[in-house]
Structure formats: structure tokens, C-alpha cells
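Undergrad: Okay, here's the prediction I keep looking at, along with the sequence it came from:
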Amino acid sequence: MKADTSAAAIPDRKTERHWRDSAIHVLPFLAIFGFAAIVPMVTNDYWALIATRAAIYWMLVSGLNLVVGFAGQLAIGYVALLTLGAYTTSVLVSGNVLPPFPLFAAFGVAALFGAIFGVIVGLPALRLRTFYFAMSTLGFATIVTQIALAWQSVTGGGIGIAGPEFPPPFNTTTGLFYFCLGCAVLGTWMTANVAHSRFGRALIAIRDAEVATESLGISKPKMLVSIFLLAGAFAAFAGGLFATLQTYITPDAFSFDLSVLFFIAILIGGRGSILGPLLGTIILTLLPEFAAPLAAWSTFLYAVLLLAVVLVAPGGIAALLDFKNRRPLQSNRAIIPRPAVLPELLSRESAHTTIALRDISLSFGAVRAIDGLNLDIVPARIHGLIGPNGSGKTTTLNVISGYYAPQSGTVSLGDTELPRGRPETRAEHGIARTFQTPRTVGEASVLQNVMIGGTIAGQGTLVESLLSLPRHRADERMLEETARLALRVVGLESLASVRADRLQHSELRFLEIARALMLRPRFLMLDEPAAGLSVDEIARLGGLIKEIKGQGVGVLLVEHHADLIFDICDQITVLNLGRVLAAGTPSEIRQHKEVVSAYLGG
Amino acid sequence: MKITRREFTKGTAAAAGAAALGLASPAIAQSGPIRIGWLAALTGASSAPAIGFDRGVKFATETINAAGGVKGRKIEIITRDTQGDPTKAVNATQEMISQLKVDAVWGPTNSGESLAITPIMSRAKMPNIHPCVIDSLIDAQKFPNAFRIAPSNSQWDDAVRRYTLQILKAKKVAVIGDTTGYGVAALNASVAALKKDGAEVVYQANIDATQPDMTPDMLRAKNAGAEAIVVWSTSTGMDARLFNTRANMGWDVAFVGHPSMSSGEIKALIDKPANWEKVYAVGYRSCSYDANGKLPPHSEEFVSKLKGKTELKDTLLWWVAGGYDAVTLVAKAFQEGAASHEDIIKYWNSVKNYPGYFGEYTFTPTEHNGYPGKDVVMSDASTAKDGTFRLAPGYA
Amino acid sequence: MLASILASGLAVGAVYALIGVTYNTMFSTSRVMSFTAGQLGMLGGVFGSLFVLRLGLPVIPGLIATLLCCAVVGVITEILAVRPVLKSLDQHLYVLSTLALALMVQQITAIEWSTEPQPFPKIFDIGPGFLDQKFWLPIAACAVTIVGLEFLYRRTLVGHAFVAIAEDNFAARALGLPERNLRMASYALAAAIGGFAGFAGGQLLLAFVANGPLLNFYGFVPVALGGLGNNRGAVVGGLALGLFQQAANFLVGGIFSSVAVFVMFIVVLLAAPQGLFGSSSARRV
């Protein structure tokens, strides 16, 4: 009963720590924006102008940060959306096409256009390789300027057009500065809300562990489209402010160098961080003002910085500021799962349906990877899948979880056939899995990694997260509680706040199990979970799997460790060259002559 | 005193006080050096003019300071390299207004930059002279602080049109521009003015300056019966390709237009020297020599002053002269007793037939285009000599 | 008129195709696409003009010096921007490192060479019109390069090693092939091809710093059209792009032709992400 008393004491300490944690996160922002707010008071209009510029750039960068820093989509031509927003607001306010719009309505329209074009520019990212996407954004940046030049009746062509003018009190340098600063603060708050929501975590997972996100039911297209909408709207809004600040815009104001600045600010700042890119934006905006003799070399210096960051400090400024993760970890730590906590996590009543594979065949070119396979995964049973390398074990697992589409045969759950080749549909059926090489997000904390597993359990929409509405906060509380529970189950709770890339290989395997448990699965497929584990750890893993089965979960276990298989499995299938060599209970398999001679080695 | 870049703290307290009380500070320093801000695109894609202007600026400053300055005050030039980027120009302008508190600003040198900074300067009532060609930059009502000492684009266009229609006597004209902002705008203005004067524009096109072959456009112009081709492009590569294509087609149509056609770089880009003949680029009386190789007397005087001090071979005389004139126009205002920004503007508004080396400037409170349009003439593009050109044939 | 479009279309198309081959050659041994490909085309023109016009070298030594300089840039690319990020290919750091290097090359050229187009020497003066060097030399260079590459890949030991690495990196290493040296060699080769493209197209495009980003994009389009790693696809794609672009220039004018090319690029990519001649993607799990 000791555990209970200590558990009762936890809440108080937790809220206090929670409070302190968020204070540490918020303080630097308060300092930066507070310092910015006094700039016009202690200096002059010149510094106010530079600060305004930084605030406007940050408005764009904060949105782009979700695309580049979080989702990992290398959009290098975002100046195109700045241009779009600048021209949309200027044209609408000046009224040279339609009757003049009220200023803020024009900004609204610009944001809408920005959102739409943000998606259009982003569309190739859904289908194309990274480099292709980078190229297509680059191409887009060129043609937007070309169109601005050519469409003279609307944009003023090369002569340009006057930017919108704000009403008092925002029509002075200082007034405009405070308006832009307000926008920047709002932008920071909103993108930080997204970043610390299930959406932000899912984006990072798409960046670093795309394959894993599919098994967790996260839809990459949906995620990316919503983030492109957001970033596009931010960028176009910033464009309107940019036009206001410039007072007059011509196509040559939107140079590719500006695009490079936005992009590099994020990478110097560090991917997956908000503070880092904010500092990056400020530094890159200020740098040319201090280093005037180097004006001609400024883009060169940006490039050098970029190369240096990539080669020497891929984590950017954010990693330099991440003091917490520099504290050494305890070296002789052991993973001690607490299966006893499982019922709290897997409270769902056990399933009565079965996953059934019928006549599955799959070839890669001339190689038959699976050849007419039948297999059942039954609730509350552990099914072992063994066989030599290349016998089709992992391929079978991939067919069930939808990564491979078999050429013939069906995978069904009860009466419903699972769609082939659609891995993102499995999570909603309660089918979870782990991977042979753990696919985790190294730059995120252990806790965040586990929380990613519960992405589809959230109720709130992206807009609710953006504005930190109650449902978003409820989601966050629920996900964090569940994730801490899952971490206690697998025995990693003491490492919750550690970056995942500091973990040992064996710990990553348990981390993946915890993440899979976040789905509250009815079926769990484990791909060589014991590989790289010590004998003690394997024993504890076995206990954990048995306990998971005890909660009514059907387990498919692909494994090389014969001891573990024979120890915990209820049913074993032996594969050889894509065919079933033998199937039965452990004791039947143990006596199967072919298996014993060919595989178990005597 | 040497000015260090962007002193952050100096004057901060005073500025803070002024900002808190909402006071502007119209008065300018009455002692110490006269500070002229110089917004120059010294590096980047279109830096050649600013480099030329800069030589004139330095020469004027040295000359005036060597003679003891203006009423004992030295001239101090504070240069900011904008690289032709409007964004950098806006930053530098605000710095000159709020941080450096200069007495007047000369520049910028590119229209794109000037478009962006003109409203800002105007708001601060900062006396500003610049050589940018776009017409809308000068508007004595909207921007009472801005003065132009170079021709406007319509003055260029007028000169080109006059030469094409009256001296070459072409009736059917083709107009070609590049795809930059300037090329598109200038082409449209030029076409409209030509039509207004009764010429027939038989072909018009904006061509990408990097397009490798100009033959299709030239063929279309030829087939349309063009008797002269007006070119509005700052790209020397494109100019040279047009000239080469004309030669390959065996066509002897005349090119008339933008000053870039007389740029020295073209010499190396054309296939043979003959391709550069019958090309007439915008030039100026003051910088054109006659059949005997003589410049006008006032210009000869300037060139002899420059001799040994300022290189003219790789630049244009009008840039150097323009830079010189800009500085002396500011100095003259102080000579005449100017003590505030308003005084400088007031003085400039009263300037009549000011004998600059580039031209004879006249400003009035309602007309801030100071350069006399009649002095814009065509020069024979291939005849560059120490930054001057031979007057195109046909002028009286 | 048609003849003119064909001549200039095929000529620029051949330059684009060679830049496409540059992308492919770099990709084959490293699985990396480099933003420096187009810059090498630009450098071919700049070095050619520098050696032959400014320094007065005869044409052949000038060409050799140009190719050597470009090859050095290629090797630098491999050492600085490719090798360090190969470990983590899936993080796509190469996009950033090669972009950084490409920007550096471009800035240095802009500052140390010129931002204005500079002349490129006329090497063969055999006549006007289509006998003009600028029209046929790029096509000839493209043909020579393709034939040379085919010979290299099919008939020489080094070529076989390249092919082996391109097909299966791990297996090739297991066979004891010096993967690192071969990769460096392929970058030198790719860079020399890019430089050769710039040299051959020198009269056409001039020694102009702005050609770098231009060739980067227009040289990539053939790769996207023809399928990554497919040199024949790149040649077909490059020539088609050249013709399309020149026809668009003629039909819709200079401003909208770049819009037309971009729209075609996006549409083709969305319709056929592997390119028109490409093969399907590899396994992911």
C-alpha cells in the first residue's frame, strides 16, 4: 500500500513541477517580447523599424516553422506567399480592381488567399520526395514575382503599388511596431499551442518517423494540408504588414534572399523548437544592420551559417539552449515493467473478433515473399511467428498492418475485410504494432514519443488547439496521463522527460510498446521485440506480453529468440520461404521433425 | 570625426525624451560637419551607376572640404550600401532619418528602392535628391521634399521618340522590353506615347533577358515592317543578342532606346564591331562630343578638373557629374544660409538655371523635375570615350 | 520561324539535359540530389570565359582547365556537403547542405566575377544561322557525353563499379569496392559534365552568374520528367523542355513562358511522381 500513499502525494508535486516547467518555457518569450516592447521608448524610429521588420518576419517564420521545423517539409520559397499577401492587401485597399476594401477585411482576404495558395504550393509535398518539393516551392517563388510583373493592371507591374496604410494610432512607426509586435506575440502563442498539441507531435513524427505515424492512424495528407493552410495564412498576413511597413511594393522587394532568410532562420534556430527560430529570425534581421561593411556578403554568410549548422550543430540554437538534456543519465538503469498497472490502461472489454489471413500471396519482382499463407490472430492469445531470415515473417506483419498490398488473398477482422495497402486505417480497428528497428522521434522526449501513440484519441480540432480551447486542454491532460501510465507499465517513467535519442536500444523497444499501448489495442503485433535485450530484460518482456494478453489482447510475436517464443506463445506458426512449414502449440512444434532439424538446430 | 557604424547608445536618452513627449526635432545641427546621407547600390546586380555617382560624390566632397568647407563646416558623406534591395533601402533611410539625423539624402539610385523610400522620406520631410527615372517619384504636392536631378523616364522616352520619329523619320516602330519591372513599365509607357504621336507600333514584346535566341521576335518585327526598334532593357546581354541577331538577319534597322545599349560590356558580347552600329542610346548634351571630339566647354572644364583624380574609363561621365552636382546642391543650400530641412527645400525650390556639370537645373515649388528635357539626346552607342559618347547623327 | 524555335529549343534543351545528367550522375553513387548541379553549368561558362578570354589560353587547354576546376568543385561538394550527411539520408540534410554550398558558389561568383553577363569566346566560326556555334555545340556536347557515359558504364571497369554501386550500395561494398573513392570520382565526373554543359552552351547563355539558379531549376525538370537516375530520360526530357520553353516564349511571351514551364512541371510531377520513364519506388519498411 506504500505505492498508494506516494501516488496520492504526486498530484501536488506534479502541479508545482508543471507550473515551474511552463514558467521555464514561457520566460524567454516574455523576456524577448518585453525587451522588444521597450525598444521604441529607449531608442528611435530606426530601431523601431528594424524591430517591426523582425516581428513581421517572425509572423511568417512562426507559421513556416510548423512546416519546416516540425513537419520537416523543406519549403524554401515561402517569399511567394509573402508576395501574395502583400499584393492582395495593397490591391484590395487601393481599390484599383474592386471597390476599396476596409483595411482589416483586406487582411482577412489576404490570409484566406494565403491559406489556399499555401495548400496549392504544398500539394506536391504529399506525393513528392523532399528535394522535388523544395524545387517546386522554389519555382513557385519565381513565378509569383513574374505574375506580379506581368499583371500590370492589377499589381502596377514594375512600377508597383502603394502598400496599405493603417488608421491611427497604428499609422506611426511606433504604432505600427506595437501592432506588429502584438501579431507576433499572438502568432507565437498560437503556433506554440499547435506545437504542444497532438498535432504538433504528429508533425514531428511525420518528419522523423513517417512509417510509424501511419501505423498510429495519423493521416499525413490531412496533417500537412491543415498546416499548409495555417502557414499560408500567417505568411500572407505577414505580407500585408510587410507592404504596410515598406509603404510601397515592387516585385524586386521580394527577393529570393528573403526566402533564404526565412528558411535559414528556422534551421539555425533548430527544428522542432519555437524559441530557437524566434532567436534565429531576430539574429538574421539584425545581423546586416550591425555588419554593414559585409552587406555584399550577407547571403554568403547565411549560407555559411546554414552549412555550419547542418554539419556541426544539427540541433541549432535550440539544442544549445537545451541544458536539461545535458545532465548525464544514470548509467546502470534497469527497465522494470509494472504489468500490474495494465488494467488501468487497457480497460476496454476484450474483443471477440479474430484477424484472419486467407491465401495471402505477395511477390517482389521474381521473389515470392509470401505464398498462400493462412493465419489467425485470436484475442487473448499469443501467436508466435518464427522462421529463418527471409522466410516472410516481417512481410506477413507488414501485410496485416497494411504497408504491403498482397497480390492475392484477404486480411479480415471479424466480418470486415481490412483495406489492403492502407496502413493508416489499422489504428482505428485497434491494431497496433512495433517495428524491427524502433521508429521513434529522437529529438522529442520519451513522454512526447508515447503521447504520439494516442494522437487519434484526441477530440479537439486543430482550431481548438490553435486557440487553446477547453477540449484541447482536456485532450492534452488525458494524453499525458495515459502516456505516463503507459510508461509506468513498461517501466520507463523515470525517463519521461529525456530526449528519446539518449535512450539505449532496449529502452527504445519498450518505448515503442508503450506507444502502441496508447491505442488501447485489441491486437498488438511485435516485430522482434527481444532483439538486443539482455536475458533479464527478455524475461521481463515476456512477463509484460503475457500480462497484455491477459487483458484480452491478441498478440502476434515475430521473434528469433526461441526460448521466449516457446515460453509464452499459445500458438506458433513456422514459416519457410513464404509458406507455412508447421503450425500448432509449442509442444507440437517442438516435436515437429522438419522444424527441429531445419530451424531449431537439433 | 569618423562616424562609427550605427552607434546604438549615443543620443538614446535625448531620443527617448523626444519620443515620450511626442516631439519631432525639425532643427538640424548648426555646427559640426554637414551630413549628407548617400543611399547607394554599390554592390549587387545594378551597381554600375552608383559606383559612378560615388566617384562624383567623393570628388565633390574632397574639393569642397579642401577649400575649407561651407562656411567653415566640412561635408561629411554617410554611405549605406543598399544592394538595390528596397528592403535594405527602407532600413537605411529610417536610420538616416532617426539615428544619424542627416541634413539631406542623396539617392537611392534604383527606381524600385526609390519607390519604397519616397513616402518615408516625405513623412520625415527629409530633403532628398535622387536620379531615379520613374515619373511618379516626383510630385511636388505629394512629396514636397523630393527633387530629381536626372531625366525622368518620360524625358528619356520623349528623346527616344523625338529621335525615332523626327530624325530617323520612322513611321512603323517595334518596341521591345525585357521582363523586369522596369522593362514592362517602360515598354507600356513608350508604346502609349508613340501611338499618341501618331506612330504605328507594329510589334511589341517583353522578352526574357536570358532567352538565348532573339530571332523569332526580330523576325516578327521585320515581317511587321518595323523601320526602327525601340529597346527598353537594362540587360546588356539581351542588347548584344539583339544586335547580333540583326546582323545575322542582314537587316539594317536602327535600335533606339535605353542607355544600357551603350554600355562598354557590349563590346565583348557582340560578334563583330559592325553589329553595334546604328544603335542609338539615350545620352546627354553635356556628356556628348561633337564630330570633332569636343565636349561642350562647361563639361571640358569638369573633365580637366577630374583628370588624374577620378577614373572615367570604366564609368559614365554623367554619373560622376550627377554625383558631383548632388553634393554641391546641398552645399549651396548651406552656403545660402539654410539652417533647417525646410530651409534646404526652400532653397532648392528657388534654384533657377543652376549650372551643374551634368545639366542646368531649375526647380520651382511646383516642378521638382530639375533636368532640362531638351538636353536629353541620343548618342551613338558604340562611341564611348572616357564615359562620353558621340552625339547621334541628325542633331543640329 | 519554326526552324529558329527548333534550333534554339534543341540547343538550350541539350544544356538542360546535360545538367539533368549531372544530377543523375551525382545521385547514382550517393542517392543525393545536389543544388550545385546548376551552379556547375554556370561555372563552366564562367571558367571558360576566364581561361580563354581573360587569361588567353588556347581553347583545348582552356576547356581542360575549366573541366578540372569544375571537377574540383564537384569533389568539394562531395567532401563538404554530401559525405557528412550520408549517415542520415532519411533526414534529407543534403537538401540543406548542398543548398548552402550552391548559394556560396553563386555569391562568390557574383562578387569576384561579375553580376553582368560576360562574353564567352567563339571557338568555331564556321558560319551564321544554324552553323553558329551556339546552336550546334551544346547538342554535339550532349551527344558526346551520352556516348561517352554509355562507353564508360558498359566497357570500363570503373564504369562497372559505378553501376554496381548505383544498383546496390551494400552489395557493392561487400564486394570490396572502394565506395568512397568511387563516389568522389562520380562527383568529379558529374561536375565535369556540368562544366562541359556550361562551356558548350557558353555562347548561348554567356558567362553569367544568374545562369546558376536558372540551370538548377531547368536542369532539374528533365530529371523529374525522365525519372531519377535515368540518363536517357533526362536527354529526352531536356530536349522536350527546351522546345516547350522556346515555343512558349514565342507563343505567350517571355513572362508567361516561365509560368507555363512551371505549371507543366507541377502537373507532370503530380500525375507521374516517378517521371514519365521512371520506375516505382523502393520498399519502405
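TA: Right, received. Where do you want to start?
Undergrad: can you count the residues close to the residue nearest to residue C:275 when sequence neighbours are not counted?
TA: Distance criterion CB to CB, 6 or more residues apart in numbering or on different chains; nearest residue to residue C:275, sequence neighbours excluded, is residue C:227 at 3.3 Å. (Each C-beta comes from the backbone N, C-alpha and C, glycine too.) For residue C:227, the neighbour count with other CB atoms under 10 Å in any protein chain shown is 21.
Undergrad: Equivalent analysis for residue A:223, please.
TA: Counted with other CB under 10 Å, the neighbours of residue A:223 add up to 20.
Undergrad: can you check residue B:247 too?
TA: Neighbours of residue B:247 using other CB under 10 Å come to 18.
Undergrad: check contacts around it.
TA: B:271-272, B:274-275 (CB atoms under 8 Å, 6 or more residues apart in numbering or on different chains).
Undergrad: Which secondary structure element is home to it?
TA: helix B:236-248 (DSSP states H and E).
Undergrad: What's the first helix or strand after that helix?
TA: Counting by DSSP H and E, the next helix or strand C-terminal to helix B:236-248 is strand B:254-257.
Undergrad: Can you list the strands that that following strand pairs with?
TA: According to DSSP bridges, strand B:254-257 forms sheet pairs with strand B:228-232 (parallel), strand B:279-284 (parallel).
Undergrad: do you know how far the residue nearest to residue A:291 when sequence neighbours are not counted is from residue A:260?
TA: Nearest-residue entry for residue A:291: residue A:298, 7.3 Å, with adjacent residues in sequence omitted and distances by CB to CB, 6+ apart. According to CB to CB, to the nearest Å, residue A:298 and residue A:260 sit 10 Å apart.
Undergrad: Run through chain B and note the low-pLDDT ranges.
TA: Within chain B, the stretches with pLDDT under 70 are B:1-29.
Undergrad: Backbone dihedrals for the residue most central in space within it, please?
TA: Note on chain B: the residue nearest the mean C-alpha position is residue B:131, at 3.8 Å, using CA atoms, centre = their mean. Reported as degrees, to the nearest 10, the phi and psi values for residue B:131 are phi -110, psi 20.
Undergrad: And it, how close does it get to residue A:158?
TA: Separation of residue B:131 from residue A:158 (CB to CB) stands at 18 Å.
Undergrad: cool, and residue B:63?
TA: To residue A:158, residue B:63 is 37 Å away according to CB to CB.
Undergrad: More neighbours: these two, which one.
TA: Each of residue B:63 and residue A:158 has its neighbours counted (other CB under 10 Å); residue A:158 has more, 27 against 16.
Undergrad: Can you tell me how far the more buried one is from residue B:134?
TA: Using CB to CB, we find residue A:158 at a distance of 9 Å from residue B:134.
Undergrad: what about the spatially closest residue to residue A:136 that is not a sequence neighbour, which SS state?
TA: In space, and not counting its chain neighbours, residue A:136 is closest to residue A:124: 4.5 Å by CB to CB, 6+ apart. Look at residue A:124: counting by DSSP: H, G, I helix; E, B strand; the rest coil, its state is helix.
Undergrad: Can you check the pLDDT for residue A:124?
TA: On the pLDDT scale, residue A:124 is placed at 79.
Undergrad: What residues does residue A:181 make contact with?
TA: Residue A:181 makes contacts with A:33, A:36-37, A:51-52, A:55, as judged by CB under 8 Å, 6+ apart.
Undergrad: same thing with residue A:278?
TA: A:29, A:32, A:58, A:61-62, A:188, A:269.
Undergrad: again with residue A:65
TA: Counting by CB under 8 Å, 6+ apart, residue A:65 has contacts A:191, A:266, A:269, A:274, A:277.
Undergrad: Where does chain B get nearest to chain A, residue-wise?
TA: For chain B and chain A, the shortest gap (CB to the nearest CB) falls at residue B:181, measuring 2.3 Å.
Undergrad: Can you tell me the closest non-neighbouring residue to that residue?
TA: Closest residue in space to residue B:181, ignoring its immediate chain neighbours: residue A:158 at 2.3 Å, by CB to CB, 6+ apart.
Undergrad: re earlier: the residue nearest to residue A:136 is in contact with residue A:130, isn't it?
TA: No: with contacts counted by CB atoms under 8 Å, residue A:124 stays clear of residue A:130, the gap being 10.5 Å.
Undergrad: Of the two, which one has the most company?
TA: Taking other CB under 10 Å, residue A:124 and residue A:130 do not tie; residue A:124 has more neighbours (23 against 17).
Undergrad: list the buried ones in stretch C:80-95?
TA: Going by neighbour count (16 or more other CB atoms under 10 Å in any protein chain shown), the buried part of stretch C:80-95 is C:80-86, C:91-95.
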